[in-house]
Every structure is written in structure tokens, then in C-alpha cells.
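> Sharing a model that was predicted from the sequence below.
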Amino acid sequence: MNALPSSSSSTFTFLTQSKNPNYHFKFTHKVPILPLHSPSPCCSLSDSSSSSTTVLDKNALSPEQNSRIAGSPEDSSSKENLVVRRPVTDFSGEDSGKEEEEEEEEEDDPKASVIDEGLARFAKKMPMFEPERMESKERPLAINLDLALYRAKLLARRTFQYDEAESLLKKCISFWPEDGRPYVVLGKILSKQSKTSEAREIYEKGCQATQGENAYIWQCWAVLEMQMGNIRRAKELFDAATVADKRHVAAWHGWANLELKQGNLKKARILLGKGLQYCGQNEYIYQTLARLEARANRYQQARYLFNQATKCNPNSCASWLSWAQMEVEQENYHAARKLFEKAVQASPKNRYAWHVWGVFEANMGNIDMGRKLLKIGHNLNPRDAVLLQSLALLEYQYSTANVARVLFRRASELNPRHQPVWFAWGWMEWKERNLNKARKLYQKTLSIDQNSETAARCLQAWGVLEHRVGNLSAARRLFKSSLNINSQSYVTWMTWASMEEDQGNSVRAEEIRNLYFQQRTEVVDDASWVMGFLGIFDPAIDSLKRILKLNPNSYNMPLDSLRNIAGTNKNRVDSSSDDEDDDDANGKNDFDLDAFIKQKLTLDLSNLEIQLETPKFYSVKRSKSPRRIWRRSINGIAEVQVTQ
């Protein structure tokens, strides 16, 4: 029964016992023997059975797959075969091979490919997956923003280079989107060019960038909507400005002025009171309140409020001028002249001060003095067209029309979009019987803006022109167009009625007069607001209520008591005749205009005469400091280079 193996093969004899015990079966089977430690063993056996091939294939699979295959009942003979498992060893090559197999399986999976495509599209939208998009531009220093804003204002104000100013401000917005100043300046520049839709977009973009917390943008946007006639929208924007910053006095004051234009005096006073409550004493609020008091014929209260305004800011030229105009209306000419002097001393280069004072002196009959004041204002403000317009009208009235034409032409060249210049020029040509020239100038006036107050007056004057030459149908159309712009114009209604009466249409004239009285708006002001308003008049001073002894008649106290409450001294300008006589006797308030011009303004009186032959365009030249040199950077932002 024992078998001896040979060198190449061994023969084993198997004896089996059948059912018959007296008989035995005998058969032989050859098994090949491989030599031990063979360098290149032969792995293919031609005479091996299919079971041996299955065992070799199973050895190449993973242990889990081997177990699954071993348990599968595919072949009954495979159950009897002995499965040889290789030992598990940690080789990096085998691990990487497994990872590659897993990646191939994932690539074959359609769901995984769809997810990968979605992630790829998402990554294209996110700059964090693209390093080149994550690299932002280097942000300039904050001082460059201030310099760029200053330079943009100079470009727009002095040289009218709006395109360069806009490009510079847009770069500022790209670098500093969270700062509200570039939006405000750019919006104002666009508004000056009548680009209202673009200005509105800039303001809206600024409000979004600043998250609605910048009151200046809201306020400028509200002013734009108010100028366009969107009153309801303007009120909403003013309200948003006060919500963003309740201490923003311009929002309260602008909103109050809007209510005044609508005739809501009580609402305007409430808004002005809130401005004083949240923002403290302010010259503009006091000035507006004083004008309201003068409008209601409470002149002592108005003087007190004007005095408060000048106390808040002694250099406020607007307060002095408003006070002077009120005194002119009351025919207190001496007090008005003193106030004009105060205004000029407070702001020597203010064009409005010289203009209003010059017109006042001309109306008082001091023609040489009025001409001198207007020329001083023009020399200080050579690019102002209003001063030349008033000077042209003065020269036409007291000199010749040719001199006035030269001044009108120069004023129109300085500011071609200033409607009153064209309208006044057309009126002068109509007086000189140059009807065709007057019509052309009126057309030029209306081409600038057809909805302004100047346009309404121009249409009324044009209607009078056509009425005088006999074009009645054209005159009626012009009067009607003027009233469509300003239905409260008493002059236009009465002029139209007078024309109808001249033509014998007395019934039509009476209808026109009745229409005026039916549609006119009367603003009735009462004193019921006084007690509630004075309760928040000066919230910072608790003792003010006790001093004023609040009662419904507190505003009817004499001027002397108000002067004592305000703590004014004898140098205060008022309209009392006693103070005027004392000042004239003592000579304390004498104002030497020539000495003031030489000392403060350094102007030569001999050079005040304007050369009328050729128009003169002034350009302001400034010497560059050796320590600060303006230059442009690569990004177009103005920078400062300091040299030693």
C-alpha cells in the first residue's frame, strides 16, 4: 500500500473494497512532483483538471471574493478541492492597486459622474476653487480716496470735465464700495448733466452697498426725486435718511422745505422741531423758522430767530442776507444796509452777498453804488452768469442796449444752461422791438427746461408779445401752457383776462377771473403750534422754558424782552430807530467799502471796469508746492508723493 515517489513522478496505488468482500478493485494514478526551490516554476499544468485552474484564479482575488466563490455551488467537485489562501501582506503597491480598482469602479458608476459634473459647474462659479480669481487687486491707501474725491470735484466744478470725473469716481467705487462719498459726488455730477436715470441707479447702488446706513445717499436721492417732481417718493427717501441717522440735519431741513413747497406749514414746523431736538442748534433750521415767522407777519419772533441763526454761525452769509431781505420788505432800509455789510464781512467772496446788495442799492436809486458792487462780485466770481445778467439789465436801464447785449452774450457763454439769462435777453430784445430775435431767445429758454418757473414766466412774456402783434390764438395757447406749469400765477391769469376784455369778450374774462379764485390755494397759518414747538425748541437747555415762561402769548412779548433773553449787546443789528440814531451819532458802525476791498480782497478799484470788447475767460492757476506733487498712478487714482 506504500508508494515510493520517483524523481519525476510518483505512482500511487489505490485499493477500494467493493460490496463483495472477496473482491477488491485496484487502479493507479500518477501525480507530478515539482522540485523544491525552483527558480522558475511552471505555472501551467496541461494535465491538471479544471478544479486546479479554479484554485489558482481564486488565489488572485481578494479574501472576501474567495469566500464568496468558495461557498458558491457551481461545481460539486470544487467543494472537495483544498483552497490555498495567500498570506495578507502590507505592500504599497497592492494598496494603490486596490485604490485604482475602486476609482475605476466609481468612474463606471453613472451616478458618481453626474455628481462630479455638478460639482465642476459649481466650482466654476466659486472663486475659492480658482486661485487666479481669488487673487484680488491690491487696494490703494485710504488717503487716495480723499485725493481722488477732491480731484473729481475740481474737474467737474472748474473745468467741466465730467467724463474724467465720472471715470475717476467709478474707480473709487470699485476700490471702496463700502464708502458712501463716491456715490454722492458721482450722483451730483450726473444730476448736473440731467442724467437723472443714471444718478438714480448710482444712489440705489450706493444704498445697497452701504446696507442702507448712509443718510447722505438717501438725502441726495430724495433731493433728486424732488427735483423730478416725484414728491411722494422724495418724502419716503427723506424718511429713510432720518431713520438711517436721526442726527442728519440736512434730511430734516430738506424734508421741511419740501413740505413748505406743498403748503404743509404745520408739518414743516414739526420736522424742523425734530431737527433741533436731535441735532441741536442749527443755523439753517433757525433761518427757515425765521422766514416762516416773517411770512406769518410775526416780525419780532423772526428777528429773534435770525439772531439765533447768526449766533450759531456768525460767518453764515445766508442768515444775514435773509434777515436783510426781511428788513427791506418792512422798509427798514438802514437796518438792511447794515445787515448787508455784515454779510459781506462774514463771507467776502460770496457772490450772493454782492449780488443782492448791488440790486438793493440800484433799486434804492444808488446806481453807481449798485454797479460798483456788481462789478466787485464779478471780479471775485468771474464764472458767475447771474452777476453779469443783473449788471446787463442795469446797463440797459441806465446806459445803452449795446452794452447790455455784450454782457448778456458773455453771461450765456459762461453758463449756456442758465435760463434766466436767455429769458432776460429775450425780454430786452422785445423792448427794443426785435421780435424775431426775442422769439428765438424765448425758444432757447424753453429748450433748456420746459417745466421750471422760469419757463412759466417765459411763456407768459411770449404770450404778451404775441398779443401785442395781434396773434391772439398763439397768445391764448401760450397763456394756457404757462398756467399748466404754474397755476398759482396771478399775473398770468389777470393778463389773459385783460386780453379777453380788450377783445370785447367780457364774459370770457370774468370766467378766467373766477377760475383763478376757484383754483388758488390759500395757506392759512395759525399760532396753535407755538406751545408744542417751544417745548422742544432747545432741548439741551433745561432752563429755557422757565426763562421764556411758556404761554400762548409768549411770542408776543416786546422786542426788548426778547433781546434780553437772547443776551444780545448793543452791537446787535436791529430795526429800532433809537439804535439807528445812536449808531449814526457815534459813528461806530461806519463801513468803509474801499478800505475793505483793498485790505481783505486785495482788489484795485481802477481795474473794476470790465473790458466789454472781448469776452474774458478766467482760469485759476495754482502754484505747485515743492513738497507735494500730484501724479497719476496706474489705476488712475491721484496719489501724493512727498519729497525731501
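Structure received.
> Which residues outside stretch 208-218 are in contact with it?
Residues outside stretch 208-218 that contact it (Cβ atoms under 8 Å, 6 or more residues apart in numbering) are 173, 177-178, 180-181, 183-184, 187, 203, 206-207, 237-238, 240-242, 244-245, 248, 250-251. Using the backbone N, CA and C atoms, a C-beta is placed for each residue, glycine as well.
> Surely Met428 is in contact with Leu407?
No: applying Cβ atoms under 8 Å, one finds Met428 not in contact with Leu407, separated by 10.4 Å.
> higher neighbour count, the two?
Neighbours per residue (other Cβ atoms under 10 Å) separate Met428 from Leu407, with Leu407 holding more: 26 against 21.
> Excluding residues flanking it in the chain, which one is nearest Tyr183?
With sequence-adjacent residues excluded and distances taken as Cβ to Cβ, 6 or more residues apart in numbering, Tyr183 is closest to Gly206, at 3.0 Å.
> so what's the one you found up against?
Taking Cβ under 8 Å, 6+ apart, one finds 180, 183-184, 187, 214, 217 in contact with Gly206.
> what does Gly463 give?
Gly463 neighbours (Cβ under 8 Å, 6+ apart): 474-476, 478-479, 482, 492, 495-496.
> looking at this, it is in a helix?
Yes: Gly463: assigned to a helix according to DSSP: H, G, I helix; E, B strand; the rest coil.
> Using PDB, write down the CA coordinates of stretch 369-377.
Taking C-alpha atoms only, stretch 369-377 is exported to PDB below (Å, rounded to 0.1, in the frame of the first residue of the first chain):
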ATOM      1  CA  MET A 369     -23.000 152.100  -5.900                       C
ATOM      2  CA  GLY A 370     -25.100 149.200  -7.300                       C
ATOM      3  CA  ARG A 371     -22.900 149.000 -10.500                       C
ATOM      4  CA  LYS A 372     -19.800 149.000  -8.300                       C
ATOM      5  CA  LEU A 373     -21.000 146.200  -6.000                       C
ATOM      6  CA  LEU A 374     -21.900 144.000  -9.000                       C
ATOM      7  CA  LYS A 375     -18.500 144.600 -10.600                       C
ATOM      8  CA  ILE A 376     -16.800 143.700  -7.400                       C
ATOM      9  CA  GLY A 377     -18.800 140.500  -7.200                       C
END
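> Report the mean confidence score over it.
Mean pLDDT, stretch 369-377: 92.
> can you check stretch 174-181 too?
On average, the pLDDT along stretch 174-181 is 93.
> one step back: need the max-distance pair from the contacts of Gly206.
Within those, Gly187 and Asn214 form the most distant pair, 11.9 Å apart (Cβ to Cβ).
> So between those two, which is more surrounded?
Using other Cβ under 10 Å, the more surrounded residue of Gly187 and Asn214 is Gly187, with 27 against 23.
> helix or strand right after the helix or strand hosting that one?
Using DSSP states H and E, Gly187 sits in helix 181-192. Once helix 181-192 ends, the next helix or strand along the chain (criterion: DSSP H and E) is helix 196-209.
> so where do the strands sit in the chain?
Ranges of strands in the chain, per DSSP state E, are 9-17, 24-32, 628-632, 638-642.
> now Cys317: how far from His355?
11 Å (Cβ to Cβ, to the nearest Å).
> Determine the number of other residues adjacent to the closest residue to Gln419 other than its chain neighbours.
Nearest non-adjacent residue to Gln419, counting by Cβ to Cβ, 6+ apart: Thr454, 4.1 Å away. By other Cβ under 10 Å, 19 other residues sit near Thr454.
> switch to numbering from 305
Yep, numbering from 305; the last one is Thr758 now.
> Thr758 and Leu739, how far apart?
Distance of Thr758 to Leu739, given as Cβ to Cβ: 20 Å.
> now swap in Trp522 and tell me
Trp522 is 49 Å from Leu739, by Cβ to Cβ.
> who has more neighbours, those two?
The neighbour comparison of Trp522 against Leu739 (other Cβ under 10 Å) goes to Trp522, with 28 against 14.
> neighbours around the spatially closest residue to that one that is not a sequence neighbour, how many?
Nearest residue to Trp522, sequence neighbours excluded (Cβ to Cβ, 6+ apart): Ala545, at 3.6 Å. Neighbour count of Ala545, defined by other Cβ under 10 Å: 26.
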